[in-house]
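In: Only the shape, not the letters, is given here:
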(Lines give C-alpha, C1' and ligand atoms only; values in the text may rest on other atoms or scores of the structure.)
Protein backbone atom coordinates (compact mmCIF):
# COMPACT_ATOMS: atom_id res chain seq x y z
CA UNK A 1 0.00 0.00 0.00
CA UNK A 2 3.04 2.28 0.07
CA UNK A 3 2.48 3.39 -3.52
CA UNK A 4 -0.86 5.06 -2.74
CA UNK A 5 -0.94 8.76 -3.68
CA UNK A 6 1.45 10.27 -1.09
CA UNK A 7 -0.28 13.65 -1.00
CA UNK A 8 -3.99 14.35 -1.18
CA UNK A 9 -5.01 17.88 -2.11
CA UNK A 10 -7.82 20.23 -2.93
CA UNK A 11 -7.86 21.78 -6.41
CA UNK A 12 -9.00 25.41 -6.46
CA UNK A 13 -8.36 27.92 -9.23
CA UNK A 14 -5.68 25.71 -10.78
CA UNK A 15 -3.75 25.37 -7.50
CA UNK A 16 -3.23 22.11 -5.63
CA UNK A 17 -3.71 22.84 -1.92
CA UNK A 18 -2.23 20.51 0.70
CA UNK A 19 -3.58 19.99 4.21
CA UNK A 20 -1.53 22.66 5.97
CA UNK A 21 -3.63 24.00 8.85
CA UNK A 22 -6.86 22.46 7.53
CA UNK A 23 -8.78 19.69 9.22
CA UNK A 24 -8.03 16.26 7.83
CA UNK A 25 -9.76 12.89 7.66
CA UNK A 26 -8.11 9.49 7.21
CA UNK A 27 -8.58 7.55 3.99
CA UNK A 28 -9.03 3.88 4.91
CA UNK A 29 -8.19 0.87 2.76
CA UNK A 30 -11.32 -1.33 2.93
CA UNK A 31 -9.34 -4.49 2.22
CA UNK A 32 -7.25 -4.16 5.38
CA UNK A 33 -8.83 -1.43 7.49
CA UNK A 34 -5.59 0.58 7.53
CA UNK A 35 -5.12 4.29 6.86
CA UNK A 36 -3.74 5.15 3.44
CA UNK A 37 -3.32 8.87 3.98
CA UNK A 38 -4.82 12.06 5.37
CA UNK A 39 -7.30 14.05 3.30
CA UNK A 40 -7.56 17.84 3.70
CA UNK A 41 -11.08 19.13 4.29
CA UNK A 42 -12.12 22.45 2.82
CA UNK A 43 -13.13 25.22 5.19
CA UNK A 44 -15.50 28.11 4.47
CA UNK A 45 -12.70 30.25 3.05
CA UNK A 46 -11.73 27.43 0.66
CA UNK A 47 -15.32 27.10 -0.52
CA UNK A 48 -15.63 30.84 -1.06
CA UNK A 49 -12.43 30.77 -3.08
CA UNK A 50 -13.77 27.84 -5.11
CA UNK A 51 -16.97 29.75 -5.84
CA UNK A 52 -15.05 32.83 -6.94
CA UNK A 53 -12.78 30.71 -9.14
CA UNK A 54 -15.79 28.92 -10.69
CA UNK A 55 -17.40 32.26 -11.53
CA UNK A 56 -14.25 33.51 -13.25
CA UNK A 57 -13.62 30.14 -14.87
CA UNK A 58 -17.11 30.13 -16.36
CA UNK A 59 -16.70 33.66 -17.71
CA UNK A 60 -13.62 32.48 -19.61
CA UNK A 61 -14.69 28.95 -20.58
CA UNK A 62 -18.23 29.70 -21.78
CA UNK A 63 -16.83 31.56 -24.79
CA UNK A 64 -14.04 29.09 -25.52
CA UNK A 65 -13.93 27.65 -29.07
CA UNK A 66 -15.51 24.25 -29.38
CA UNK A 67 -12.24 22.95 -30.81
CA UNK A 68 -10.48 23.87 -27.56
CA UNK A 69 -13.02 22.04 -25.44
CA UNK A 70 -12.80 18.98 -27.67
CA UNK A 71 -9.00 19.02 -27.60
CA UNK A 72 -8.83 19.23 -23.79
CA UNK A 73 -11.25 16.33 -23.37
CA UNK A 74 -9.47 14.17 -25.94
CA UNK A 75 -6.03 14.89 -24.49
CA UNK A 76 -7.32 14.14 -20.99
CA UNK A 77 -8.72 10.84 -22.27
CA UNK A 78 -5.31 9.93 -23.72
CA UNK A 79 -3.64 10.72 -20.40
CA UNK A 80 -6.13 8.57 -18.50
CA UNK A 81 -5.41 5.65 -20.82
CA UNK A 82 -1.65 6.08 -20.41
CA UNK A 83 -1.93 6.27 -16.63
CA UNK A 84 -4.55 3.55 -16.27
CA UNK A 85 -2.42 0.99 -14.35
CA UNK A 86 -1.49 3.47 -11.61
CA UNK A 87 -4.94 5.06 -11.41
CA UNK A 88 -6.63 1.65 -11.22
CA UNK A 89 -4.34 0.55 -8.40
CA UNK A 90 -5.16 3.65 -6.36
CA UNK A 91 -8.88 3.14 -6.98
CA UNK A 92 -8.67 -0.46 -5.78
CA UNK A 93 -6.71 0.53 -2.69
CA UNK A 94 -9.23 3.12 -1.58
CA UNK A 95 -12.49 1.55 -2.83
CA UNK A 96 -11.81 -2.19 -2.78
CA UNK A 97 -13.04 -3.34 -6.19
CA UNK A 98 -10.96 -5.85 -8.19
CA UNK A 99 -8.10 -4.33 -10.12
CA UNK A 100 -9.50 -5.44 -13.48
CA UNK A 101 -12.78 -3.64 -12.71
CA UNK A 102 -10.90 -0.49 -11.71
CA UNK A 103 -8.87 -0.65 -14.91
CA UNK A 104 -12.06 -0.93 -16.96
CA UNK A 105 -13.45 2.06 -15.07
CA UNK A 106 -10.46 4.20 -16.02
CA UNK A 107 -10.90 3.28 -19.66
CA UNK A 108 -14.60 4.03 -19.34
CA UNK A 109 -13.76 7.54 -18.16
CA UNK A 110 -11.51 8.02 -21.17
CA UNK A 111 -14.28 6.82 -23.49
CA UNK A 112 -16.78 9.18 -21.88
CA UNK A 113 -14.46 12.17 -22.34
CA UNK A 114 -13.92 11.18 -25.97
CA UNK A 115 -17.68 10.96 -26.52
CA UNK A 116 -18.25 14.47 -25.16
CA UNK A 117 -15.29 15.80 -27.15
CA UNK A 118 -17.34 14.95 -30.23
CA UNK A 119 -20.80 15.61 -28.82
CA UNK A 120 -19.96 19.23 -27.94
CA UNK A 121 -19.70 19.92 -31.68
CA UNK A 122 -23.39 19.01 -32.00
CA UNK A 123 -24.84 21.69 -29.73
CA UNK A 124 -27.38 22.64 -32.33
CA UNK A 125 -30.04 25.36 -32.33
CA UNK A 126 -32.46 26.17 -35.11
CA UNK A 127 -33.72 29.02 -37.27
CA UNK A 128 -37.50 29.33 -37.47
CA UNK A 129 -39.51 30.28 -40.57
CA UNK A 130 -40.55 33.95 -40.40
CA UNK A 131 -41.67 36.66 -42.88
CA UNK A 132 -39.01 38.69 -44.68
CA UNK A 133 -37.49 41.19 -42.26
CA UNK A 134 -37.98 39.00 -39.22
CA UNK A 135 -35.92 36.21 -37.74
CA UNK A 136 -36.32 33.89 -34.74
CA UNK A 137 -33.39 31.82 -33.48
CA UNK A 138 -33.30 29.06 -30.87
CA UNK A 139 -29.83 28.79 -29.36
CA UNK A 140 -28.09 26.76 -26.66
CA UNK A 141 -25.83 28.26 -24.00
CA UNK A 142 -23.98 26.77 -21.01
CA UNK A 143 -26.07 26.83 -17.85
CA UNK A 144 -23.26 28.21 -15.66
CA UNK A 145 -21.18 26.98 -12.70
CA UNK A 146 -22.21 23.48 -11.58
CA UNK A 147 -22.06 22.13 -8.03
CA UNK A 148 -21.58 18.37 -8.34
CA UNK A 149 -21.56 15.62 -5.72
CA UNK A 150 -20.26 12.14 -6.52
CA UNK A 151 -20.30 8.92 -4.42
CA UNK A 152 -17.62 6.33 -3.74
CA UNK A 153 -18.93 3.24 -5.56
CA UNK A 154 -17.51 4.26 -8.95
CA UNK A 155 -14.85 6.70 -7.78
CA UNK A 156 -13.54 7.43 -11.28
CA UNK A 157 -16.60 7.20 -13.51
CA UNK A 158 -18.90 9.24 -11.27
CA UNK A 159 -16.58 12.29 -11.27
CA UNK A 160 -16.05 11.92 -15.03
CA UNK A 161 -19.83 11.86 -15.55
CA UNK A 162 -20.12 15.17 -13.69
CA UNK A 163 -17.13 16.91 -15.25
CA UNK A 164 -17.19 15.67 -18.87
CA UNK A 165 -20.50 17.10 -20.10
CA UNK A 166 -20.08 20.31 -18.07
CA UNK A 167 -16.67 21.02 -19.61
CA UNK A 168 -18.01 20.12 -23.05
CA UNK A 169 -20.93 22.53 -22.63
CA UNK A 170 -18.72 25.43 -21.50
CA UNK A 171 -19.56 25.31 -17.79
CA UNK A 172 -17.30 25.43 -14.77
CA UNK A 173 -17.60 22.83 -12.00
CA UNK A 174 -17.06 22.54 -8.28
CA UNK A 175 -16.98 18.80 -7.59
CA UNK A 176 -17.17 17.25 -4.14
CA UNK A 177 -16.22 13.60 -4.56
CA UNK A 178 -16.56 11.05 -1.77
CA UNK A 179 -14.05 11.46 1.05
CA UNK A 180 -13.57 7.66 1.04
CA UNK A 181 -12.09 7.68 -2.49
CA UNK A 182 -10.30 11.00 -3.09
CA UNK A 183 -7.29 9.92 -5.14
CA UNK A 184 -9.49 8.55 -7.92
CA UNK A 185 -11.26 11.87 -8.49
CA UNK A 186 -7.99 13.76 -8.22
CA UNK A 187 -6.53 11.59 -10.99
CA UNK A 188 -9.43 12.55 -13.27
CA UNK A 189 -8.89 16.23 -12.47
CA UNK A 190 -5.12 15.92 -12.93
CA UNK A 191 -5.60 14.56 -16.44
CA UNK A 192 -7.74 17.57 -17.35
CA UNK A 193 -5.28 20.05 -15.86
CA UNK A 194 -2.38 18.38 -17.66
CA UNK A 195 -4.41 18.50 -20.88
CA UNK A 196 -4.56 22.28 -20.61
CA UNK A 197 -7.87 22.99 -18.92
CA UNK A 198 -7.67 26.61 -17.71
CA UNK A 199 -7.64 27.42 -13.98
CA UNK A 200 -11.07 27.86 -12.44
CA UNK A 201 -12.95 25.57 -14.80
CA UNK A 202 -12.78 22.57 -12.45
CA UNK A 203 -12.39 22.71 -8.66
CA UNK A 204 -12.18 19.63 -6.42
CA UNK A 205 -13.12 20.06 -2.76
CA UNK A 206 -13.58 17.64 0.10
CA UNK A 207 -15.20 18.23 3.46
CA UNK A 208 -18.06 17.49 5.81
CA UNK A 209 -20.82 16.76 3.25
CA UNK A 210 -23.57 18.81 4.89
CA UNK A 211 -21.28 21.80 5.41
CA UNK A 212 -20.05 21.76 1.83
CA UNK A 213 -23.46 21.32 0.24
CA UNK A 214 -25.12 24.04 2.30
CA UNK A 215 -22.31 26.50 1.56
CA UNK A 216 -22.18 25.86 -2.18
CA UNK A 217 -25.90 25.66 -2.83
CA UNK A 218 -26.59 28.88 -0.94
CA UNK A 219 -24.35 30.81 -3.34
CA UNK A 220 -25.82 32.75 -6.28
CA UNK A 221 -22.75 31.70 -8.28
CA UNK A 222 -24.08 28.15 -8.67
CA UNK A 223 -26.58 27.63 -11.50
CA UNK A 224 -27.00 23.84 -11.45
CA UNK A 225 -26.86 20.90 -9.03
CA UNK A 226 -25.73 17.47 -10.18
CA UNK A 227 -25.97 14.67 -7.62
CA UNK A 228 -25.46 10.92 -7.48
CA UNK A 229 -26.19 9.17 -4.19
CA UNK A 230 -28.91 8.07 -1.84
CA UNK A 231 -32.52 9.20 -2.12
CA UNK A 232 -32.50 10.66 1.40
CA UNK A 233 -29.48 12.87 0.73
CA UNK A 234 -30.76 13.77 -2.74
CA UNK A 235 -34.05 15.04 -1.34
CA UNK A 236 -32.19 17.21 1.17
CA UNK A 237 -30.04 18.70 -1.59
CA UNK A 238 -33.10 19.40 -3.72
CA UNK A 239 -34.60 21.35 -0.82
CA UNK A 240 -31.44 23.45 -0.67
CA UNK A 241 -31.40 23.86 -4.44
CA UNK A 242 -35.00 25.08 -4.42
CA UNK A 243 -34.02 28.20 -2.49
CA UNK A 244 -31.88 29.28 -5.46
CA UNK A 245 -34.22 27.82 -8.10
CA UNK A 246 -31.35 25.69 -9.40
CA UNK A 247 -31.60 23.30 -12.31
CA UNK A 248 -31.03 19.78 -10.99
CA UNK A 249 -29.91 16.41 -12.31
CA UNK A 250 -30.51 13.77 -9.64
CA UNK A 251 -29.46 10.13 -9.85
CA UNK A 252 -30.61 8.63 -6.57
CA UNK A 253 -31.28 5.23 -5.04
CA UNK A 254 -32.59 2.14 -6.74
CA UNK A 255 -33.86 -1.33 -5.85
CA UNK A 256 -33.83 -3.07 -9.20
CA UNK A 257 -36.37 -5.82 -9.83
CA UNK A 258 -35.53 -8.82 -12.01
CA UNK A 259 -38.39 -10.67 -13.70
CA UNK A 260 -37.42 -14.20 -14.75
CA UNK A 261 -40.18 -15.84 -16.81
CA UNK A 262 -40.52 -19.60 -17.19
CA UNK A 263 -39.53 -19.52 -20.87
CA UNK A 264 -36.14 -17.89 -20.16
CA UNK A 265 -32.79 -19.63 -20.61
CA UNK A 266 -32.62 -20.35 -16.89
CA UNK A 267 -29.03 -21.54 -16.63
CA UNK A 268 -27.66 -18.68 -18.71
CA UNK A 269 -29.77 -16.14 -16.82
CA UNK A 270 -28.61 -17.43 -13.44
CA UNK A 271 -24.94 -17.28 -14.44
CA UNK A 272 -25.21 -13.77 -15.88
CA UNK A 273 -27.25 -12.39 -13.00
CA UNK A 274 -24.95 -13.84 -10.35
CA UNK A 275 -21.96 -12.15 -11.98
CA UNK A 276 -23.83 -8.87 -12.16
CA UNK A 277 -25.26 -9.05 -8.64
CA UNK A 278 -21.86 -9.37 -6.98
CA UNK A 279 -20.03 -6.90 -9.21
CA UNK A 280 -18.50 -4.22 -7.02
CA UNK A 281 -19.81 -6.20 -4.01
CA UNK A 282 -23.34 -5.24 -4.99
CA UNK A 283 -22.56 -1.57 -4.41
CA UNK A 284 -24.12 -0.50 -7.69
CA UNK A 285 -27.26 1.62 -8.00
CA UNK A 286 -28.56 -0.56 -10.85
CA UNK A 287 -27.56 -3.85 -9.23
CA UNK A 288 -30.19 -6.60 -9.77
CA UNK A 289 -31.57 -7.18 -6.29
CA UNK A 290 -35.24 -8.27 -6.10
CA UNK A 291 -35.52 -11.50 -8.10
CA UNK A 292 -39.10 -12.42 -9.02
CA UNK A 293 -39.03 -15.84 -10.67
CA UNK A 294 -42.00 -17.62 -12.21
CA UNK A 295 -42.95 -20.49 -9.93
CA UNK A 296 -42.50 -23.31 -12.47
CA UNK A 297 -38.76 -22.56 -12.73
CA UNK A 298 -38.23 -20.95 -9.33
CA UNK A 299 -36.37 -23.83 -7.65
CA UNK A 300 -34.23 -24.47 -10.71
CA UNK A 301 -33.23 -20.83 -11.05
CA UNK A 302 -32.49 -20.38 -7.35
CA UNK A 303 -30.31 -23.51 -7.23
CA UNK A 304 -28.35 -22.39 -10.29
CA UNK A 305 -27.94 -18.86 -8.94
CA UNK A 306 -26.69 -20.13 -5.57
CA UNK A 307 -24.21 -22.40 -7.32
CA UNK A 308 -22.75 -19.52 -9.31
CA UNK A 309 -22.78 -17.18 -6.31
CA UNK A 310 -20.85 -19.71 -4.23
CA UNK A 311 -18.09 -19.71 -6.86
CA UNK A 312 -17.44 -15.97 -6.57
CA UNK A 313 -13.88 -15.43 -5.32
CA UNK A 314 -13.81 -12.82 -2.55
CA UNK A 315 -10.63 -11.10 -1.44
CA UNK A 316 -8.23 -8.20 -1.80
CA UNK A 317 -8.88 -6.66 -5.19
CA UNK A 318 -5.17 -6.32 -5.90
CA UNK A 319 -4.75 -10.09 -6.16
CA UNK A 320 -5.24 -12.06 -9.37
CA UNK A 321 -8.46 -14.03 -9.65
CA UNK A 322 -10.44 -12.01 -7.12
CA UNK A 323 -13.96 -11.30 -8.41
CA UNK A 324 -15.42 -9.41 -5.45
CA UNK A 325 -13.63 -7.14 -3.01
CA UNK A 326 -14.68 -5.78 0.38
CA UNK A 327 -17.44 -3.34 1.10
CA UNK A 328 -16.29 0.24 0.79
CA UNK A 329 -16.22 1.29 4.44
CA UNK A 330 -16.65 0.06 7.99
CA UNK A 331 -20.36 0.97 8.28
CA UNK A 332 -21.52 -1.25 5.43
CA UNK A 333 -21.12 -4.77 6.94
CA UNK A 334 -23.27 -3.84 9.95
CA UNK A 335 -25.93 -2.36 7.66
CA UNK A 336 -26.04 -5.54 5.57
CA UNK A 337 -26.16 -7.70 8.70
CA UNK A 338 -29.22 -5.79 9.92
CA UNK A 339 -31.08 -6.27 6.62
CA UNK A 340 -30.25 -9.98 6.40
CA UNK A 341 -31.13 -10.58 10.06
CA UNK A 342 -34.43 -8.76 9.70
CA UNK A 343 -35.41 -10.78 6.63
CA UNK A 344 -34.60 -14.05 8.39
CA UNK A 345 -36.67 -13.06 11.39
CA UNK A 346 -39.63 -12.62 9.04
CA UNK A 347 -39.24 -16.06 7.55
CA UNK A 348 -36.71 -15.71 4.72
CA UNK A 349 -34.46 -18.71 4.18
CA UNK A 350 -30.71 -18.09 4.09
CA UNK A 351 -29.27 -20.16 1.23
CA UNK A 352 -25.78 -18.67 1.07
CA UNK A 353 -23.53 -16.27 2.97
CA UNK A 354 -25.26 -13.95 5.38
CA UNK A 355 -22.18 -13.08 7.37
CA UNK A 356 -18.93 -11.18 7.41
CA UNK A 357 -15.63 -12.87 6.70
CA UNK A 358 -14.35 -13.02 10.26
CA UNK A 359 -10.86 -14.12 9.25
CA UNK A 360 -10.22 -10.88 7.32
CA UNK A 361 -9.18 -7.52 8.73
CA UNK A 362 -11.10 -5.57 6.10
CA UNK A 363 -14.79 -4.95 5.48
CA UNK A 364 -15.66 -8.22 3.75
CA UNK A 365 -19.12 -9.72 3.44
CA UNK A 366 -19.90 -13.02 1.76
CA UNK A 367 -22.15 -13.23 -1.31
CA UNK A 368 -25.59 -13.74 0.16
CA UNK A 369 -28.81 -15.28 -1.15
CA UNK A 370 -32.14 -15.16 0.68
CA UNK A 371 -35.16 -17.11 -0.60
CA UNK A 372 -38.84 -16.72 0.11
CA UNK A 373 -38.32 -13.14 1.27
CA UNK A 374 -41.65 -11.56 2.32
CA UNK A 375 -42.42 -8.17 0.84
CA UNK A 376 -42.66 -6.70 4.34
CA UNK A 377 -38.97 -7.34 5.05
CA UNK A 378 -36.80 -4.20 5.19
CA UNK A 379 -34.48 -5.70 2.60
CA UNK A 380 -37.38 -5.85 0.14
CA UNK A 381 -38.14 -2.17 0.70
CA UNK A 382 -34.77 -0.51 1.35
CA UNK A 383 -31.89 -0.67 -1.10
CA UNK A 384 -29.33 -3.10 0.39
CA UNK A 385 -26.45 -1.65 -1.65
CA UNK A 386 -24.44 -4.76 -0.94
CA UNK A 387 -23.95 -8.40 -1.99
CA UNK A 388 -27.50 -9.55 -1.20
CA UNK A 389 -29.87 -11.26 -3.66
CA UNK A 390 -33.53 -11.58 -2.65
CA UNK A 391 -35.62 -14.37 -4.21
CA UNK A 392 -39.42 -14.64 -4.41
CA UNK A 393 -41.73 -16.62 -6.72
CA UNK A 394 -44.63 -15.32 -8.82
CA UNK A 395 -47.40 -17.04 -10.77
CA UNK A 396 -48.86 -14.57 -13.28
CA UNK A 397 -47.05 -11.78 -15.16
CA UNK A 398 -49.37 -9.15 -13.68
CA UNK A 399 -48.25 -10.18 -10.20
CA UNK A 400 -44.58 -9.75 -11.16
CA UNK A 401 -45.18 -6.31 -12.66
CA UNK A 402 -47.07 -5.21 -9.56
CA UNK A 403 -44.16 -6.31 -7.35
CA UNK A 404 -41.62 -4.65 -9.62
CA UNK A 405 -43.50 -1.33 -9.41
CA UNK A 406 -44.47 -1.57 -5.75
CA UNK A 407 -41.62 0.57 -4.45
CA UNK A 408 -41.11 4.31 -5.00
CA UNK A 409 -37.80 3.64 -6.77
CA UNK A 410 -37.50 3.54 -10.55
CA UNK A 411 -33.90 3.43 -11.72
CA UNK A 412 -33.42 0.05 -13.40
CA UNK A 413 -35.28 -3.17 -14.08
CA UNK A 414 -34.50 -6.44 -15.85
CA UNK A 415 -36.54 -8.96 -17.82
CA UNK A 416 -35.46 -12.46 -18.82
CA UNK A 417 -37.61 -14.28 -21.36
CA UNK A 418 -37.40 -15.84 -24.83
CA UNK A 419 -40.74 -14.29 -25.81
CA UNK A 420 -40.57 -11.02 -27.72
CA UNK A 421 -44.15 -10.28 -26.73
CA UNK A 422 -43.43 -10.81 -23.04
CA UNK A 423 -40.26 -8.73 -23.29
CA UNK A 424 -42.08 -5.82 -24.93
CA UNK A 425 -45.01 -5.90 -22.53
CA UNK A 426 -42.90 -6.22 -19.39
CA UNK A 427 -40.32 -3.61 -20.39
CA UNK A 428 -43.11 -1.14 -21.20
CA UNK A 429 -44.88 -1.82 -17.89
CA UNK A 430 -41.89 -1.61 -15.56
CA UNK A 431 -41.64 1.86 -14.05
CA UNK A 432 -37.94 2.68 -14.38
CA UNK A 433 -35.60 4.85 -16.37
CA UNK A 434 -33.74 1.86 -17.83
CA UNK A 435 -34.65 -1.75 -18.61
CA UNK A 436 -32.43 -4.63 -19.64
CA UNK A 437 -33.91 -7.52 -21.61
CA UNK A 438 -31.81 -10.68 -21.28
CA UNK A 439 -28.86 -8.47 -20.35
CA UNK A 440 -27.58 -6.51 -17.38
CA UNK A 441 -25.56 -4.08 -19.53
CA UNK A 442 -27.77 -1.00 -19.53
CA UNK A 443 -25.25 1.86 -19.59
CA UNK A 444 -23.20 3.34 -22.43
CA UNK A 445 -21.43 6.58 -23.25
CA UNK A 446 -24.08 7.44 -25.83
CA UNK A 447 -27.21 6.40 -23.89
CA UNK A 448 -29.00 8.35 -21.15
CA UNK A 449 -28.55 7.03 -17.61
CA UNK A 450 -31.15 8.06 -15.06
CA UNK A 451 -34.28 7.17 -13.16
CA UNK A 452 -37.81 8.22 -12.32
CA UNK A 453 -39.91 8.49 -9.17
CA UNK A 454 -37.71 8.57 -6.04
CA UNK A 455 -34.74 7.44 -8.09
CA UNK A 456 -34.36 10.94 -9.47
CA UNK A 457 -34.80 12.88 -12.66
CA UNK A 458 -32.72 14.03 -15.58
CA UNK A 459 -30.02 11.94 -17.17
CA UNK A 460 -26.28 11.61 -17.45
CA UNK A 461 -24.36 10.21 -20.43
CA UNK A 462 -25.44 10.50 -24.04
CA UNK A 463 -26.67 13.71 -25.67
CA UNK A 464 -28.99 14.12 -22.69
CA UNK A 465 -25.99 14.55 -20.38
CA UNK A 466 -24.79 17.49 -22.45
CA UNK A 467 -28.29 18.93 -22.77
CA UNK A 468 -28.55 18.97 -18.95
CA UNK A 469 -25.67 21.49 -18.87
CA UNK A 470 -27.26 23.81 -21.43
CA UNK A 471 -30.06 26.35 -21.36
CA UNK A 472 -32.27 27.22 -24.31
CA UNK A 473 -32.57 30.84 -25.44
CA UNK A 474 -34.88 32.19 -28.12
CA UNK A 475 -33.88 35.36 -29.97
CA UNK A 476 -36.46 37.29 -32.01
CA UNK A 477 -35.23 39.96 -34.42
CA UNK A 478 -36.85 42.49 -36.71
CA UNK A 479 -34.87 44.53 -39.23
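Out: That came in fine, so what should we check first? This is a predicted model, so every value here is computed, not measured. Residues are numbered from 1 along each chain as shown.
In: Now do the helices in the stretch 101-250 of the chain.
Out: With DSSP state H, counting those that start in this stretch as the criterion, the stretch 101-250 of the chain has helices at 157-169, 182-194, 209-217, 231-243.
In: Closest to the mean position in this structure, which residue would that be?
Out: residue 158 (5.0 Å; C-alpha atoms, centre = their mean).
In: which residues touch that residue?
Out: Taking C-beta atoms under 8 Å, 6 or more residues apart in numbering as the definition of contact, the neighbours of residue 158 are 150-151, 177, 228. Using the backbone N, CA and C atoms, a C-beta is placed for each residue, glycine as well.
In: let's see it at 6 Å
Out: 150, 228 (C-beta atoms under 6 Å, 6 or more residues apart in numbering).
In: how close does it get to residue 299?
Out: Taken as C-beta to C-beta, to the nearest Å, the spacing of residue 158 relative to residue 299 amounts to 39 Å.
In: From start to finish, how long is stretch 247-257 in a straight line?
Out: Distance between the two ends of stretch 247-257: 30 Å, counting by C-alpha to C-alpha, to the nearest Å.
In: That stretch: how far from the chain's middle?
Out: Centroid separation between stretch 247-257 and its chain, computed with C-alpha atoms, centre = their mean, to the nearest Å, is 9 Å.
In: next one: stretch 213-220
Out: Going by C-alpha atoms, centre = their mean, the spacing between the C-alpha centre of stretch 213-220 and its chain's C-alpha centre is 22 Å.
In: What mean pLDDT does it get?
Out: The predicted model gives stretch 213-220 an average pLDDT of 98.
In: List the buried residues for it?
Out: 213, 215-217, 219 (16 or more other C-beta atoms under 10 Å).
In: likewise stretch 27-36?
Out: Those would be 27-32, 36, for stretch 27-36 by 16+ other C-beta under 10 Å.
In: re the thing from before, what is the nearest of the buried residues of stretch 213-220 to residue 458?
Out: Proximity of the buried residues of stretch 213-220 to residue 458 (C-beta to C-beta) peaks at residue 217, which lies at 16.4 Å.
In: Just give the closest residue to that closest one, not the sequence neighbours.
Out: Nearest in space to residue 217, with sequence neighbours left out and distances taken as C-beta to C-beta, 6 or more residues apart in numbering, is residue 240 at 4.2 Å.
In: Touching, the one you found and residue 218? I think so.
Out: No: with contacts defined as C-beta atoms under 6 Å, residue 240 does not count as touching residue 218, sitting 7.3 Å away.
In: So residue 112 is in contact with residue 160, correct?
Out: Yes: between residue 112 and residue 160 there is a contact under C-beta under 6 Å: 5.2 Å.
In: of these two, who's got more company?
Out: Comparing residue 112 with residue 160 by other C-beta atoms under 10 Å, the one with more neighbours is residue 160, at 29 against 26.
In: Roughly how far does the residue nearest to residue 24 when sequence neighbours are not counted sit from residue 211?
Out: Leaving aside its chain neighbours, residue 24 sits nearest to residue 38 (4.2 Å; criterion: C-beta to C-beta, 6+ apart). Between residue 38 and residue 211 the computed distance is 18 Å (C-beta to C-beta).
In: and what of residue 416?
Out: Using C-beta to C-beta, we find residue 416 at a distance of 45 Å from residue 211.
In: Burial check on residue 406, number of neighbours?
Out: Based on other C-beta under 10 Å, the number of other residues close to residue 406 is 15.
In: Am I right that it sits in a strand?
Out: No: following the definition DSSP: H, G, I helix; E, B strand; the rest coil, residue 406 is coil and is not counted among the residues of a strand.
In: Now name the helix or strand holding the closest residue to it other than its chain neighbours.
Out: With C-beta to C-beta, 6+ apart as the criterion, residue 406 has its nearest non-adjacent residue at 7.0 Å, and that residue is residue 375. Assessed by DSSP states H and E, residue 375 sits outside every helix and strand.
In: Isn't residue 29 up against residue 35?
Out: No: counting by C-beta under 6 Å, residue 29 sits too far from residue 35 to count as a contact (7.7 Å).
In: The stretch 251-400 of the chain: strands as residue ranges?
Out: In chain order, the stretch 251-400 of the chain shows strands spanning 256-260, 288-294, 349-352, 368-371, 388-394, with DSSP state E, counting those that start in this stretch as the criterion.
In: Quick one: end-to-end distance for stretch 218-230.
Out: The distance separating the two terminal residues of stretch 218-230, taken as C-alpha to C-alpha, comes to 21 Å.
In: now what about it, what contacts it?
Out: Under the criterion C-beta under 6 Å, 6+ apart, residues 51, 55, 143-151, 158, 162, 216, 234, 237, 241, 246-251, 253 lie in contact with stretch 218-230.
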